[in-house]
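In: Show me the folded form of this:
(one chain, ligands or ions: 1)
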Amino acid sequence: MTRHIVTTDDDPAIRKVLQIMLRKEGYHVSSCQDGEELRNFLASEADSVDLILLDIKMPGLSGFEVLEIVQRTHPRIPIVMLTAFNDLDTGMKAIRMGAADYLAKPVRRETLVSCVERVIEKSDRKWDEEVRRNTFLSQQQKLERELQEALTTLHHATRATLEAFSETIEQKDAYTKGHCSRVRSISIAMGKALDLPEPLLQIIEGGSLLHDIGKIGIPEDILNKTTPLTDREMEIIKGHPESGERIVAPIEMFQAYRPIIRNHHERMDGSGYPDGLVGEMIPLEVRIVSLADAFDAMTTDRAYRPALPTEIAVEEIKSCSGSQFDPDLVNLFLDRELYSL
Ligand SMILES: [Fe+2]
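Out: Presented below is the predicted three-dimensional model:
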């Protein structure tokens, strides 16, 4: 590939000499007589230029001014400044300003050629690295986007699965229609009022939808019985938290919901089931769902009794504050009027 060098010098003799020396080495050479001409040239040809040789002392724009402009407008193109013989200070200033190198005039052919080769090679390396870095970054961004999309799909699939499960639970028991999704709404509202982090809110959401999954195994005639339950039947009903936990145990995506499924009938005073946990031994997310579950159960028709009016249910929640329910959550439930959701 023929490399393209642009020389810029107001002295036609120097332009000519540089052109001859570089063409001999196989370079394609263009020449400009001042900064203005170089600017115009770059406006249309910059993509083809590999290096600029730039005189410092020129009429019109000085070499330094041109250096500054070209660096701003075409940062990819390396610039080698041409200084007067032995003018080390000017050369160093050019380097400080971002020139790739400087050459003292009159330039010897070997010095010119080795400088041009070195600067072009360094510039190629720099831009190769830049391209590689950009490619890496855009690949990384693409992977992150794909991962995000996969997670969103998974999240939707998880939610759809949870809703399908809770629908199945509700279909077992005609009286609990909509119970799981109402427990979800109240629980999430409490979680948000407590400013709980998103992952915990997701656990509360899934757990509240699945909390009664163990009822799937209970015969419908027991679930829908309108007369008092026998001790045996009560025992079967009370087994639903443990059987729910057994149902989800082998399912990886439901692991986080196990405490809510197993312990949503625990009570603060330790008289609940199945583990008789006391106070804060019951995880916060479980205490939240317990309260929401109990409130919704009271305010909807059941096989064995009609729905309680909201005011009565609220009084019942208050009277069980501390014994059955977490008193802080009861206060929150009342203060935020979450009973009216
Ligand atoms: Fe339950």
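In: the strands in this protein, which residues?
Out: Counting by DSSP state E, the chain has these strands, from start to end: 4-8, 28-32, 51-55, 79-83, 101-104.
In: Quick check: which of those strands is nearest to Leu341?
Out: For Leu341, the closest of these is strand 79-83, at 69.3 Å, according to C-beta to C-beta. Yep, even glycine has a C-beta here, placed from its N, CA and C like the rest.
In: low-scoring pLDDT stretches of the protein, where are they?
Out: Regions of the chain meeting the criterion pLDDT under 70 cover residues 85, 174-175.
In: Would you point out which residue is most central in it?
Out: In the chain, the residue lying closest to the centroid (C-alpha atoms, centre = their mean) is Gln148, at 7.1 Å.
In: before we move on, the earlier item: same list (the strands of the chain) but as a markdown table, adding distance to Val70 and mean neighbour count.
Out: Formatted as a markdown table, the strands of the chain follow (distance: least, C-beta to C-beta, whole Å; neighbours: other C-beta atoms under 10 Å):
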| stretch | distance to Val70 | mean neighbour count |
| --- | --- | --- |
| strand 4-8 | 10 | 24 |
| strand 28-32 | 11 | 18 |
| strand 51-55 | 7 | 25 |
| strand 79-83 | 6 | 24 |
| strand 101-104 | 15 | 18 |
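In: residue boundaries of the helices in the stretch 1-150 of the chain?
Out: Taking DSSP state H, counting those that start in this stretch as the test, the helices found in the stretch 1-150 of the chain are 12-24, 35-45, 63-73, 88-96, 109-172.
In: Distance to Pro228 added to these, as TSV?
Out: Putting the helices of the stretch 1-150 of the chain into TSV (distance: least, C-beta to C-beta, whole Å) gives the following:
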stretch	distance to Pro228
helix 12-24	105
helix 35-45	93
helix 63-73	88
helix 88-96	94
helix 109-172	20
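In: Most tightly packed of those helices?
Out: Of all these, helix 63-73 carries the top mean neighbour count, a mean of 17, counting by mean count of other C-beta atoms under 10 Å.
In: about what we covered before: could you dump the strands of the chain into TSV and include distance to Pro228?
Out: Output for these, formatted as TSV (distance: least, C-beta to C-beta, whole Å):
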stretch	distance to Pro228
strand 4-8	97
strand 28-32	101
strand 51-55	96
strand 79-83	95
strand 101-104	98
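In: Quickly list the domain ranges of this structure.
Out: Using automatic domain parsing, the domain parsing of the chain gives 4-136, 173-340.
In: so what's the spatially closest residue to Val80 that is not a sequence neighbour up against?
Out: In space, and not counting its chain neighbours, Val80 is closest to Asp101: 4.9 Å by C-beta to C-beta, 6 or more residues apart in numbering. Counting by C-beta atoms under 8 Å, 6 or more residues apart in numbering, Asp101 makes contact with Val80, Met81, Ile95, Cys115, Arg118, Val119.
In: Good, wrapping up.
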